[in-house]
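Peer 1: next one to model:
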Amino acid sequence: MAKYSQETKIGILLKDPAAVAILEEYMPGLASSPRIKMVSALKLKKMADFKEAGLTAESMAEMDAKLQTIE
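Peer 2: Numbering: from 1, shown residues only. Prediction:
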């Protein structure tokens, strides 16, 4: 079973540098955003609901696949 996926809370992902690198690839500036505390309790998949995140179904699937490779 994968350690991380789009079901993982953002706050948990932010504690792992490998996961942060993937998040930053798709959402540049997320980790340093002043709003990060507001979304850290959300599962990553909820970010797709925020238009500002600029995520598509395709980019979410790509990000999910990359996160699942982290051990």
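Peer 1: counting neighbours, what do you get for Glu58?
Peer 2: The number of residues packed near Glu58 is 8, by other CB atoms under 10 Å. To be clear about C-beta, it is placed using only N, CA and C from the backbone, and glycine gets the same treatment.
Peer 1: scratch that, Pro34 is what I was asking about
Peer 2: 6.
Peer 1: repeat for Leu55
Peer 2: 20.
Peer 1: which SS state does it fall under?
Peer 2: Under DSSP: H, G, I helix; E, B strand; the rest coil, the three-state class of Leu55 is coil.
Peer 1: not counting sequence-adjacent ones, nearest residue to it?
Peer 2: Nearest non-adjacent residue to Leu55, counting by CB to CB, 6 or more residues apart in numbering: Ala48, 4.7 Å away.
Peer 1: I'd say that neighbour and Glu58 touch.
Peer 2: No: if you go by CB atoms under 8 Å, Ala48 and Glu58 don't touch, sitting 10.8 Å apart.
Peer 1: and Lys9, what pLDDT?
Peer 2: With respect to pLDDT, Lys9 scores 97.
Peer 1: contact partners for it?
Peer 2: 40-44 (CB atoms under 8 Å, 6 or more residues apart in numbering).
Peer 1: with neighbour count, pLDDT and secondary structure added, can I get the residues you listed in a markdown table?
Peer 2: Shown next, in a markdown table, are the contacts of Lys9 (neighbours: other CB atoms under 10 Å; pLDDT from 0 to 100; DSSP: H, G, I helix; E, B strand; the rest coil):
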| residue | neighbour count | pLDDT | secondary structure |
| --- | --- | --- | --- |
| Ser40 | 13 | 94 | coil |
| Ala41 | 11 | 95 | coil |
| Leu42 | 14 | 95 | coil |
| Lys43 | 15 | 96 | strand |
| Leu44 | 26 | 95 | helix |
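Peer 1: return the member of those residues nearest to Leu67.
Peer 2: Of all the contacts of Lys9, Leu44 has the smallest distance to Leu67: 7.7 Å, by CB to CB.
Peer 1: thank you kindly, that will do.
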